[in-house]
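Participant: Predicted coordinates and the sequence they were generated for:
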Amino acid sequence: MERPNVLLALPDGQLAAAETALRRAGFEPVRLDESGPHVDLAAIDCDEQPEVAQQLHASLHDGRSVPTILIFGAEPPDYGTQGDEYAMKPCPPEALIYRLQAMLIRSGRALPGDAAGMGAEMSDTPMMGEGRVISVFAPKGGVGKTTVAVNMAVALREQTRDRVLLFDADVGVGNVTAVLEVPAKKGLIDLADSPPSEWTDLAFEHITAVHPDTGVRVLTWGSDPADSEKVTVDLLLAALRWGKANHAYVVVDNHPGYDDRTMAMLTLATEIFLVVTPEVGAIRNSAQFLALAREVGLGEIVRVVVNRANHGISVENMSQSLGLPIAATIVSNGPKAVMAANEGQPVIRKFPKEKIAQDLHNVARLVTQPPLPKEERETRRWWMRLGARASNA
């Protein structure tokens, strides 16, 4: 199988690492000063030399359309066209490869790793596995993000019996293990002083705990805020790659903010569950995040979950303010949630008959039982009507 050629217009300090990673993943990197090869995809750093970047983009879309990843720091460029993607910095080689693979899939092309003849060459590829990554995020703390993440992971496990990893990526703050009691493990901080060559499957398995009652696997970043700076973007990405390759579902509890680590986790998500409460501040912050998500090409994978939905601003007004339909709502039941957390149990296990438990299960069903597309729903209604007529004949 012919390798897809990828034009790389990146800073010199990043070029060699990106080229090595792309070759291992089955792509053929092409530099700006190399003439001749046909270009299938491109990745352009828009900040290094803005005018050159814009001219290069124009040449790639002059009479043809080369799908391009536009990488930026603060402000996205305004010259992207259909088929392009925006990637906010940092965009490490792992994230770049994932984006390139997604662009190939959308264009109807096979991934380079699919070729039988490339098996030996691709044995060391950093391609992500098949598991789904559900990132639970809120730009504002105190909205119940961790409670949603923990209970979603447990619900996914109960509904599917598949392997589920709950990944606490709220570095410096995360308290997943305060809500879900698991045997003590230090977490990613155990690997922080080790070279990447030692971030093996066995190493990640060694620091992963298992919740005995549900079988949910739990990987935390650590527990001491003083250690948080040691947990790098690269380590988080390596952990996520391992999680996705070895689990059907990875539920990521993210930090409420826009630091490099959080943006890397969101960039690699299959779906982003945005948790918001019916308060002006939370809605305003969520609207700002949605604007950013749309700019960087993540808008289509965001689902809005309203927590404590039976108090405050109406769901209809929230949907209008956010410009998105509300995917799920969770009733407020603070006493039950606190009681469950104090015992280290998920709400859906401690109080399975409560409305809040039913709502949390429904959040997980957005993943396990996604709604049918409108066209398919209409088709099924037609078949149901025909079936009813046949049975009455």
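Facilitator: Yep, it's here.
Participant: Helices along this structure, start to end?
Facilitator: Here the chain has its helices, by DSSP state H, at 12-24, 50-60, 93-106, 145-160, 176-179, 201-206, 233-246, 260-267, 280-295, 315-322, 334-342, 347-350, 355-368, 374-392.
Participant: from these, which stretch is densest packed?
Facilitator: Ranked by mean neighbour count, the helices of the chain are led by helix 145-160 with a mean of 25 (mean count of other C-beta atoms under 10 Å). All C-beta atoms are positioned from the backbone trio N, CA, C, and that covers glycine.
Participant: returning to what we had before: can I get the helices of the chain in JSON lines with mean pLDDT and distance to Val133?
Facilitator: JSON lines is the format used below for these (pLDDT from 0 to 100; distance: least, C-beta to C-beta, whole Å):
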{"stretch": "helix 12-24", "mean pLDDT": "92", "distance to Val133": "19"}
{"stretch": "helix 50-60", "mean pLDDT": "93", "distance to Val133": "29"}
{"stretch": "helix 93-106", "mean pLDDT": "77", "distance to Val133": "10"}
{"stretch": "helix 145-160", "mean pLDDT": "96", "distance to Val133": "12"}
{"stretch": "helix 176-179", "mean pLDDT": "90", "distance to Val133": "16"}
{"stretch": "helix 201-206", "mean pLDDT": "95", "distance to Val133": "15"}
{"stretch": "helix 233-246", "mean pLDDT": "92", "distance to Val133": "6"}
{"stretch": "helix 260-267", "mean pLDDT": "86", "distance to Val133": "8"}
{"stretch": "helix 280-295", "mean pLDDT": "93", "distance to Val133": "15"}
{"stretch": "helix 315-322", "mean pLDDT": "97", "distance to Val133": "23"}
{"stretch": "helix 334-342", "mean pLDDT": "92", "distance to Val133": "25"}
{"stretch": "helix 347-350", "mean pLDDT": "95", "distance to Val133": "21"}
{"stretch": "helix 355-368", "mean pLDDT": "96", "distance to Val133": "11"}
{"stretch": "helix 374-392", "mean pLDDT": "47", "distance to Val133": "25"}
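Participant: Would you mind giving those as JSON lines with distance to Phe273 added?
Facilitator: Shown next, in JSON lines, are the helices of the chain (distance: least, C-beta to C-beta, whole Å):
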{"stretch": "helix 12-24", "distance to Phe273": "29"}
{"stretch": "helix 50-60", "distance to Phe273": "33"}
{"stretch": "helix 93-106", "distance to Phe273": "19"}
{"stretch": "helix 145-160", "distance to Phe273": "7"}
{"stretch": "helix 176-179", "distance to Phe273": "15"}
{"stretch": "helix 201-206", "distance to Phe273": "24"}
{"stretch": "helix 233-246", "distance to Phe273": "16"}
{"stretch": "helix 260-267", "distance to Phe273": "11"}
{"stretch": "helix 280-295", "distance to Phe273": "12"}
{"stretch": "helix 315-322", "distance to Phe273": "14"}
{"stretch": "helix 334-342", "distance to Phe273": "17"}
{"stretch": "helix 347-350", "distance to Phe273": "16"}
{"stretch": "helix 355-368", "distance to Phe273": "7"}
{"stretch": "helix 374-392", "distance to Phe273": "22"}
